[in-house]
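Q: the sequence isn't on hand, but the structure is:
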C-alpha cells in the first residue's frame with residue numbers, strides 16, 4: 001500500500017520510472033512528473049523541464065542514514081536507484097522523494113524542483129505511480145489541477161482579509177475573508193476551503209459540512225503544535241456602517257471526520273477584536289491589540305491595549321498583561337525561547353490615532369504570558385520610522401544563532417496609503433548581545449504596505465505583493481531577504497513577479513518550502529480593488 005501524504009511540491013506532466021531492485025526489503029517506485037504549468041497572466045505555459053539535461057532524485061526517510069541520491073539524464077526516461085531499505089513487515093515506511101532539475105549538466109544550476117512524501121507498505125511490491133509536481137524555481141505559477149495540468153485551479157470564493165494555515169499533513173486551511181466587488185459590496189464569508197498540494201484542488205467547506213460556524217474577516221488563525229487551528233476575532237458584517245467584531249472563537253480539529261472539520265462548540269474570548277495579531281509558541285497563543293469597534297461612525301477606529309492568552313492544553317482564554325500602548329495593524333513575531341516581539345502599528349492617545357515606532361516584548365512559558373520589563377518599566381526598542389501594515393518574519397543570521405525579526409514596508413501616515421506614505425525600508429531587530437534595531441536596506445520592487453512576509457527556511461524570508469496607490473504595479477513585487485552570510489541582504493526575485501498584483505492576500509509556507517499565495521484585493525480594469533479567487537505558488541531557489 002502507498003499512502004501519499006497530502007503534499008507535493010508542484011504544478012506540471014511526464015512519466016518517469018524510478019526503481020529499486022525488487023526483493024527483500026526493497027520496492028519499485030514509479031514517479032510521474034507533472035512538468036507543465038497552466039498559463040500565467042501573460043498567457044505563457046511554462047515547461048519546467050525546458051533546457052534541463054539531468055534529473056536528480058533524493059530519497060530519504062525511515063531507515064535511511066542521510067540521503068540516497070541518483071542522477072538520471074532526462075532522455076533516459078527511467079532510472080535505477082540503489083536498493084532502498086524498508087522497515088520490517090507490517091510497518092509503514094516513510095519516504096521523502098525530492099526531484100531537482102539541473103541545467104546542462106548534473107552539477108548545473110537547479111532550474112525546477114518537486115517533492116512528494118509517501119508511506120510504503122513492505123508487503124506491496126508494485127505500488128501505484130507517485131505524482132510529483134515540478135515547478136520552475138524563483139517563479140510564480142498559478143495552482144493547477146493534477147488531472148489536467150493545463151487547467152488553473154482557483155478558490156471557490158473570492159476572498160481578501162482571509163487566513164491561510166498549513167496543516168501538519170501539508171494541506172492548507174483557508175478561512176473566511178470578504179468579497180469586495182465592483183459595486184462596493186462587501187460580503188463576509190462563513191466558509192472555508194482546503195487546498196491540497198497533492199491534487200492542486202480546493203475543497204469548499206461550508207457551515208454544517210465541516211466548515212466554520214461564523215463569517216469573519218481580518219481574524220487570526222493559529223496552528224498549535226498538535227495541528228489544531230485556533231481562529232479568533234474578526235468582523236462578521238461589513239455592510240454599510242456595520243462592522244461588528246466577534247468574541248466567539250473556533251477550532252479546526254484535523255482528527256474530526258474523515259480529514260478534519262471545525263468543532264461546533266465555540267469558545268468565547270475575553271475581548272472581541274479585529275485586525276489584531278496572534279503569536280504561537282507550542283500550544284500557547286498570545287492575542288494582542290486590534291480594534292473592538294472598527295466602525296465608530298466618524299473618524300478612525302481606536303486601537304486597544306487588551307491582550308489575552310489561549311492555553312491550548314486547557315482550551316481556555318485568560319487575560320494577559322496589557323500592551324504598554326494600544327496597537328492595531330501591527331507586527332507580532334515569535335523569536336527563540338517563546339519571546340514575542342510586538343512592533344509598530346497604529347496606537348491611540350485619547351481619541352487621536354498615531355503611528356507607533358516602538359517595540360515591546362512578552363515571554364510565553366508554562367501556560368502564562370509575561371510582559372518583559374527592565375528597571376520596573378516595559379522593555380522597549382525603537383524603529384527608525386513608525387509604520388503599520390508591515391510584513392514581518394523571523395529568520396536566523398547563521399547556523400546556531402538566535403532568530404532575528406525582519407520588518408519590511410508598511411505605511412507611515414494614518415489612512416493614507418499613497419506613495420508618500422508607503423515605506424520601502426527594511427529593518428532588523430537582533431536580540432543577541434546588546435539588542436538593537438538596524439537598517440537593512442529597502443524593498444527593491446517598491447515601497448508598499450499590507451504585503452506578505454513568509455519565512456521559507458531558517459535563513460530566508462520572502463516579501464511579496466502589497467499596495468502603493470502611487471504605483472499600483474508594485475503590488476506584483478517580490479523580494480527575498482537572505483541572512484546566510486551573517487547579515488540581511490535584500491534582492492528581487494529573479495524570475496517572474498506575481499501573476500496578479502494583490503494585497504490583503506493570505507500567504508503560507510508549504511511543507512516543501514514553497515509559498516502559497518491566495519486571494520487578496522487586485523485592481524480590476526477600471527482600477528477598482530476587488531477580491532480575487534486565484535492562487536499562486538512561489539518556489540524558491542535552494543540557497
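A: Alright, I've got the coordinates. Keep in mind that what you see is a predicted model, and the values were worked out from it rather than measured. Numbering: from 1, shown residues only.

Q: bridged to residue 262, which residues?
A: Per DSSP bridges, the residues bridged to residue 262 are residue 252.

Q: next, the contact list for it, please.
A: 192, 205, 210, 211, 212, 213, 250, 251, 252, 253 (Cβ atoms under 8 Å, 6 or more residues apart in numbering). Every C-beta, even on glycine, is put in place using the N, C-alpha and C of the backbone.

Q: surely the fifth one forms part of a strand?
A: Which is residue 212. No - applying DSSP: H, G, I helix; E, B strand; the rest coil, one finds residue 212 to be coil, outside a strand.

Q: number of nearby residues for it?
A: By other Cβ atoms under 10 Å, the residues close to residue 212 number 24.

Q: residues contacting it?
A: When contacts are counted by Cβ under 8 Å, 6+ apart, residue 212 touches 175, 176, 190, 191, 192, 205, 231, 250, 252, 262.

Q: now with 6 Å, please.
A: With contact set as Cβ atoms under 6 Å, 6 or more residues apart in numbering, residue 212 has these partners: 192, 250, 262.

Q: can I get the residues you listed in a markdown table including pLDDT and distance to residue 310?
A: Below are these laid out as a markdown table (pLDDT from 0 to 100; distance: Cβ to Cβ, whole Å):
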| residue | pLDDT | distance to residue 310 |
| --- | --- | --- |
| 192 | 98 | 19 |
| 250 | 97 | 12 |
| 262 | 96 | 16 |
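
Q: that older thread, only the buried subset of the contacts of residue 262, as a ChimeraX command please.
A: Buried residues among these (16 or more other Cβ atoms under 10 Å), as a ChimeraX selection:
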select :192,205,210,211,212,213,250,251,252
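
Q: pLDDT-wise, what's the bottom of the contacts of residue 262?
A: The lowest pLDDT within those belongs to residue 210, with 92.

Q: just give the nearest non-adjacent residue to that residue, would you?
A: In space, and not counting its chain neighbours, residue 210 is closest to residue 261: 3.5 Å by Cβ to Cβ, 6 or more residues apart in numbering.

Q: tell me the spacing between the one you found and residue 541.
A: For residue 261, the distance to residue 541 equals 37 Å [Cβ to Cβ, to the nearest Å].

Q: ditto for residue 87
A: Separation of residue 87 from residue 541 (Cβ to Cβ): 34 Å.

Q: from memory residue 486 sits against residue 400, does it?
A: No - counting by Cβ atoms under 6 Å, residue 486 sits too far from residue 400 to count as a contact (11.4 Å).

Q: neighbour count winner among those two?
A: Neighbour count, other Cβ under 10 Å: between residue 486 and residue 400, residue 486 has more, with 10 against 6.

Q: ok, now which ones touch that one?
A: Listed by Cβ under 6 Å, 6+ apart, the contact partners of residue 486 are 397, 398.

Q: what's the answer for the one 10 residues further on, then?
A: Shown in contact with residue 496 (Cβ under 6 Å, 6+ apart): 139, 140.

Q: in a helix, it, correct?
A: No - applying three-state DSSP, one finds residue 496 to be coil, outside a helix.

Q: any weak-confidence spans in the stretch 351-500 of the chain?
A: For the stretch 351-500 of the chain, the stretches with pLDDT under 70 are 470-475, 495.

Q: over to the chain?
A: For the chain, applying pLDDT under 70 flags the ranges 1-24, 75-84, 88-90, 240-243, 297-298, 470-475, 495, 543.

Q: do you know how far the residue nearest in space to the middle of it is from residue 166?
A: Central residue of the chain (Cα atoms, centre = their mean): residue 508, 1.2 Å from the mean position. Using Cβ to Cβ, we find residue 508 at a distance of 5 Å from residue 166.

Q: between those two, what contacts are shared?
A: residue 172.

Q: pick the one among the contacts of residue 262 closest to residue 325.
A: For the contacts of residue 262, the residue nearest residue 325 by Cβ to Cβ is residue 250; the value is 29.6 Å.

Q: would you agree that closest one falls within a strand?
A: Yes - under three-state DSSP, residue 250 falls within a strand.

Q: distance of it relative to residue 267?
A: Here residue 250 is placed at a distance of 7 Å from residue 267 (Cβ to Cβ).

Q: tell me which two of the contacts of residue 262 sit farthest apart.
A: Farthest-apart pair in these is 205 and 251; separation 14.0 Å (Cβ to Cβ).

Q: now do stretch 307-317: distance from first to last residue.
A: Terminal residues of stretch 307-317 are spaced 10 Å apart (Cα to Cα, to the nearest Å).

Q: can you pull the buried residues of it?
A: Buried positions in stretch 307-317, judged by neighbour count with 16+ other Cβ under 10 Å: 307, 308, 309, 310, 312, 317.

Q: now do the contacts for the second one.
A: Translated: residue 308. Contacts for residue 308 (Cβ under 6 Å, 6+ apart) come out as 270, 287, 317, 319, 320.

Q: what are the pairing partners of the helix or strand encompassing it, and which direction each?
A: Using DSSP states H and E, residue 308 maps to strand 307-311. Here strand 307-311 is paired, per DSSP bridges, with strand 284-288 (antiparallel), strand 316-320 (antiparallel).

Q: which residues does the last one contact?
A: If you take Cβ under 6 Å, 6+ apart as the criterion, strand 316-320 is touched by 269, 270, 307, 308, 309, 310, 369.

Q: not counting sequence-adjacent ones, nearest residue to residue 142?
A: Closest residue in space to residue 142, ignoring its immediate chain neighbours: residue 152 at 4.3 Å, by Cβ to Cβ, 6+ apart.

Q: burial count for that neighbour?
A: Around residue 152 there are 21 residues (other Cβ under 10 Å).

Q: from residue 207, how far out is it?
A: According to Cβ to Cβ, residue 152 stands 27 Å off from residue 207.

Q: cool, and residue 516?
A: Counting by Cβ to Cβ, the gap from residue 516 to residue 207 is 24 Å.

Q: neighbour-wise, which of these two wins?
A: Each of residue 516 and residue 207 has its neighbours counted (other Cβ under 10 Å); residue 516 has more, 21 against 15.

Q: beyond the helix or strand hosting that one, next helix or strand please.
A: Assigned by DSSP H and E, residue 516 belongs to strand 515-518. Once the chain leaves strand 515-518, the next helix or strand it forms, by DSSP H and E, is strand 521-523.

Q: which elements pack onto that following strand?
A: Using 3 or more Cβ pairs under 6 Å, 6 or more residues apart in numbering; DSSP states H and E as the contact test, the elements touching strand 521-523 are strand 529-539.

Q: pull up the pairing partners for the strand it packs on, direction included.
A: According to DSSP bridges, strand 529-539 forms sheet pairs with strand 139-142 (antiparallel), strand 154-159 (antiparallel), strand 515-518 (antiparallel), strand 521-523 (antiparallel).

Q: of all those strands, which lies closest to residue 198?
A: That would be strand 515-518 among the strands paired with strand 529-539, by Cβ to Cβ, at 13.1 Å.

Q: now find how far off-centre the closest one is within its chain.
A: Distance, stretch centre to chain centre, for strand 515-518: 7 Å (Cα atoms, centre = their mean, to the nearest Å).

Q: what does that strand contact?
A: For strand 515-518, contacts defined as Cβ under 6 Å, 6+ apart pick out 164, 172, 174, 454, 462, 505-510, 535-538.

Q: now, of the contacts of residue 308, which are buried?
A: For these, a neighbour count by 16+ other Cβ under 10 Å gives the buried set as 287, 317, 320.

Q: so which of these comes closest to residue 501?
A: Distance to residue 501 across those (Cβ to Cβ) is lowest for residue 287, with 30.9 Å.

Q: so the closest one makes contact with residue 279?
A: No - when contacts are counted by Cβ under 6 Å, residue 287 is not listed as touching residue 279 (8.3 Å).

Q: what's the burial count for residue 37?
A: Look at residue 37: counted by other Cβ under 10 Å, it has 28 neighbours.
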